[in-house]
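Trainee: Just a sequence and a predicted model for now, questions to come.
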Amino acid sequence: MDLSNWNLIPLKGVLLDLDNTLYNYDKCHQKAMDACTVQASMKFGIEKDNFTSLLKEARGRVHKDLHGQGASHSRLLYFQKLFENHAGYTNAEFALNMEALYWDVFLTEMSWYPGAKEFIESSIEKGIKFCIVTDLTAQIQLQKFLHLGLQDLVHFMLSSEEAGAEKPNPYIFELALEKLKLTPIDVIMIGDSFDKDIQGAENLGIKAYLIKDNTILF
């Protein structure tokens, strides 16, 4: 993330997405899913092709039932629903085991995109405050927060579970501004989703920048 030439002096704050903005989410997710696929087969007898189709079905149902809520991304609920669809009953061991494995592998794979940490550090030296604004449940996003060392850099984190709304809902951006005690003209938003991060922020008059593969597009 090379923002070294930006004039950030007039800014007072940055709203910053987390997943696929500060690190490669897709790589971590794939590694975690590979591990879960093996575990499901070896320990629970659910073969790869069946596991993949069951997970897609379970994920779709959870998203439909909990649309717009942080819990709609809960891996625990995905795995619980997966086994129920597979065997017709709840298997707590399966759900808890698979969720723990998924996030253990995921966090192990996490590392900063080149330049992302340096961007935050240099901005903080200019007196700019940061709030991570992220969809997903609070517990795992706080674990990511700690894993990347954001605890020592960033002033606030706001998850969609805490806000009760997901991007691009204006409330999550309004709550982030409330945490920072700033207004839309004081901040920018940086994120990897045009629909969620860019349009969501711009709807409130916040200037926003789209990032893809660690490159600012606009």
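Mentor: Done, it's in.
Trainee: What is the burial count for the closest residue to residue 17 other than its chain neighbours?
Mentor: In space, residue 17 comes closest to residue 191 once its chain neighbours are excluded; the distance is 3.3 Å by Cβ to Cβ, 6 or more residues apart in numbering. Glycine gets a C-beta too; all of them are placed from N, C-alpha and C. Number of residues near residue 191 (other Cβ atoms under 10 Å) recorded here: 24.
Trainee: Residue 191 and residue 130, how far apart?
Mentor: Plainly put, residue 191 is 13 Å away from residue 130 if you go by Cβ to Cβ, to the nearest Å.
Trainee: Next, show the common contact partners of these two.
Mentor: Here residue 191 and residue 130 have residue 16 as joint contacts, going by Cβ atoms under 8 Å, 6 or more residues apart in numbering.
Trainee: Touching the longest helix along the chain from outside, list them.
Mentor: In the chain, ranked by residue count with DSSP state H as the criterion, the top helix is helix 25-44. Under the contact criterion Cβ under 8 Å, 6+ apart, helix 25-44 has outside partners 19-20, 46-48, 51-52, 83, 91, 94, 97-98, 101-103, 105-107, 109-110.
Trainee: Take the helix or strand following it, keep the C-alpha atoms, and write them as PDB.
Mentor: Next along the chain after helix 25-44, taking DSSP states H and E as the criterion, comes helix 48-65. Extracted in PDB, the C-alpha atoms of helix 48-65 (Å, rounded to 0.1, in the frame of the first residue of the first chain):
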ATOM      1  CA  LYS A  48     -14.300 -33.400  -0.100                       C
ATOM      2  CA  ASP A  49     -17.000 -33.000  -2.800                       C
ATOM      3  CA  ASN A  50     -19.800 -33.500  -0.300                       C
ATOM      4  CA  PHE A  51     -18.200 -31.200   2.200                       C
ATOM      5  CA  THR A  52     -17.800 -28.400  -0.300                       C
ATOM      6  CA  SER A  53     -21.400 -28.600  -1.500                       C
ATOM      7  CA  LEU A  54     -22.800 -28.900   2.100                       C
ATOM      8  CA  LEU A  55     -20.800 -25.900   3.200                       C
ATOM      9  CA  LYS A  56     -22.000 -23.800   0.200                       C
ATOM     10  CA  GLU A  57     -25.600 -24.700   1.100                       C
ATOM     11  CA  ALA A  58     -25.100 -24.000   4.800                       C
ATOM     12  CA  ARG A  59     -23.400 -20.700   4.200                       C
ATOM     13  CA  GLY A  60     -26.200 -19.600   1.900                       C
ATOM     14  CA  ARG A  61     -28.800 -20.400   4.500                       C
ATOM     15  CA  VAL A  62     -27.000 -18.600   7.300                       C
ATOM     16  CA  HIS A  63     -26.600 -15.600   5.100                       C
ATOM     17  CA  LYS A  64     -30.300 -15.600   4.200                       C
ATOM     18  CA  ASP A  65     -31.400 -16.000   7.800                       C
END
